[in-house]
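Visitor: Build me a structure from this.
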Amino acid sequence: MKNKICLITGGNAGIGKATAVGLAKQGAQVVIVSRSEEKAQQAVKDIIAQSNNQQVDYLIADLASQQSIRQLAAEFKSKYSQLHVLVNNAGAFFSEYGLTEDGIERQWAVNHLAPFLLTNLLLDVLKASAPARIVNVSSRAHYRGKIDFEDLNGTKNYDGFFKAYSQSKLANVLFTAELDRRLKGTGVTANSLHPGVVSTEIAQKNSSGWAYWGWTFLRPFMVSTEQGAATSVFLASSPKVEGVSGKYFEKSKEKKPGKLAQDAALAKRLWEVSAQLTKLETAL
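Guide: Numbers count the residues shown, from 1 in each chain. From the prediction side, this is the model:
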C-alpha cells in the first residue's frame, strides 16, 4: 500500500480508526475524517504510534451536513491530487427521531446520503488514480431493510433500528451495486461489507430506553474493533480482490446479499432519488 492515499470517514474511533491503523501498517498514506478537531488530532497520534507510519492526516467534516460534505471534498482535492481508496465507514444510530439541518432524518442522512454524495464528489480523483477502490461499510441489518420511498424520512411510526437503520444499510448495498454498474471500465471498484457486530459506541451513545440497555447487554458478546475492521482492510488492500466489484462481503469472504439488495431497478431508482436529495445534478 506504499504510495497509496486512503480516505476513511469516521476514522477517529472504532472500526474506522482500526481500519486506518491496518492500512497505515501496510505503508499507506491515511487521511481520516472526523467531526471533532480534538478527537482527530488524538486519533492521528494514536494511529502513528500503532502503525509506525508518519503519513497520517485528518480533515474535519460533519457528515450530517451536505454543505460540510461538499467542503470536505473540496478540501481533500486542494491538498491531494490522488485517491486510491475511499472507505465510507462513518455511520450513526439514533433510537429517537431527529432531522439534520437539511431536513433529512439523521440515519438516512449520515448512513446513506453522506457516502453517496461524498463518493460522487470524489469520483473524478478516484478515476484519475485508477486502479482505485471504494469500500462501503454496510451491515447484516440490510437483510431486513426496505426502501420506503413514500416515507424515507421515517415520519410515520419511526423505528430507529428495525426500519431506519436497516433501510440505510440496505441503501449502502444497493448504492454499491449501482455504483459498480456505472463505473464499468474506469478501473474503480466498489464493494460493501458487514463488519460484524462490533463493540463500539455508535449505537449506545445515541440510544435511550430499551435500545440503550439492549446494546449495553450485548457489548460483551461483540467482536473487537480490530476484528470489525478486518474486512474493510481486506477490501481496501488485498490483491485477492483486485478487479472485484459490486460484491458484498462478510469475514473477508463474498456473501450473497439480501433479495432486495440484488434488485437492479430498485438500485437505479434509489440512485436517482439520492441525487435529487443531495442536489447532485452531475451524479455519475
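Visitor: and Arg35, how far is that from Lys163?
Guide: Shown here: Arg35 relative to Lys163, a distance of 25 Å by Cβ to Cβ, to the nearest Å. Backbone N, C-alpha and C define where each C-beta goes, glycine included.
Visitor: Those two - which one has more neighbours?
Guide: The residue with the greater number of neighbours, taking Arg35 and Lys163 and applying other Cβ atoms under 10 Å, is Lys163; the counts read 19 against 16.
Visitor: And the more buried one, how far from Asn52?
Guide: Taking Cβ to Cβ, one finds Lys163 at 44 Å from Asn52.
Visitor: again with Gly185
Guide: As defined by Cβ to Cβ, Gly185 lies at a distance of 38 Å from Asn52.
Visitor: Give me the more crowded residue out of the two.
Guide: When Gly185 is set against Asn52 and neighbours are counted by other Cβ under 10 Å, the residue ahead is Asn52, at 8 against 5.
Visitor: With adjacent residues omitted, what lies nearest to that one?
Guide: In space, not counting the residues next to it along the chain, Asn52 is nearest to Lys25; the distance is 7.7 Å by Cβ to Cβ, 6 or more residues apart in numbering.
Visitor: give me every residue that touches that neighbour.
Guide: Neighbouring residues of Lys25 by Cβ atoms under 8 Å, 6 or more residues apart in numbering: Gln50, Ser51, Asn52, Asn53.
Visitor: just the helices in this structure please.
Guide: Shown for the chain, the helices assigned by DSSP state H span residues 14-25, 37-51, 66-79, 106-107, 114-128, 166-182, 210-218, 225-237, 264-277.
Visitor: how far does stretch 69-88 stretch from start to finish?
Guide: Distance between the boundary residues of stretch 69-88 (Cα to Cα, to the nearest Å) amounts to 12 Å.
Visitor: contacting residues around that stretch?
Guide: 4-9, 11, 16, 19, 23, 28, 31, 33, 57, 59-61, 63, 114-115, 117-119, 121-122, 125-126, 128-129, 131-137, 172, 232, 236-237.
Visitor: Any of those buried? List them.
Guide: Burial of the contacts of stretch 69-88 was assessed by neighbour count (16 or more other Cβ atoms under 10 Å); the buried members are 4-9, 11, 16, 19, 23, 28, 31, 33, 59-61, 63, 114-115, 117-119, 121-122, 125-126, 129, 132-137, 172, 232, 236-237.
Visitor: shaky segments in this protein?
Guide: Counting by pLDDT under 70, the low-confidence segments of the chain come to 198-223, 282-284.
Visitor: Centre-most residue in it?
Guide: Compute the mean C-alpha point of the chain, and by Cα atoms, centre = their mean the closest residue is Asn88, 2.6 Å away.
Visitor: Report the beta-bridge partner residues of it.
Guide: According to DSSP bridges, the residues that bridge with Asn88 are Asn136.
Visitor: Tell me who's in contact with the residue nearest to Gln50 when sequence neighbours are not counted.
Guide: Across the structure, with Cβ to Cβ, 6+ apart as the measure, the residue nearest Gln50 apart from its sequence neighbours is Val21 (4.9 Å). Contacts of Val21 were listed using Cβ under 8 Å, 6+ apart, and they are Asp46, Ile47, Gln50, Ser51, Ala229.
Visitor: Which residues does stretch 272-282 contact?
Guide: Under the contact criterion Cβ under 8 Å, 6+ apart, stretch 272-282 has outside partners Gln66, Ile104, His112, Leu113, Phe116, Leu117, Asn120, Phe149, Leu152, Ala171, Phe175, Ala283.
Visitor: pretty sure the fourth one is in contact with Ile104, am I right?
Guide: Yes. Counting by Cβ atoms under 8 Å, Ile104 is a contact partner of Leu113 at 6.5 Å.
Visitor: okay, those two: which has more neighbours?
Guide: Between Leu113 and Ile104, counting by other Cβ under 10 Å, Leu113 is the more crowded of the two (27 against 19).
Visitor: mind listing what that one touches?
Guide: Applying Cβ under 8 Å, 6+ apart, one finds that Leu113 lies in contact with Gln66, Ile104, Ser274, Leu277, Thr278.
Visitor: Between those, which sits nearest Thr189?
Guide: Comparing these against Thr189 with Cβ to Cβ places Ser274 closest, at 20.1 Å.
Visitor: related to what we said a few turns ago, which among the contacts of stretch 272-282 count as buried?
Guide: Applying a neighbour-count criterion of 16+ other Cβ under 10 Å, the buried members of these are Gln66, Ile104, His112, Leu113, Phe116, Leu117, Asn120, Leu152, Ala171, Phe175, Ala283.
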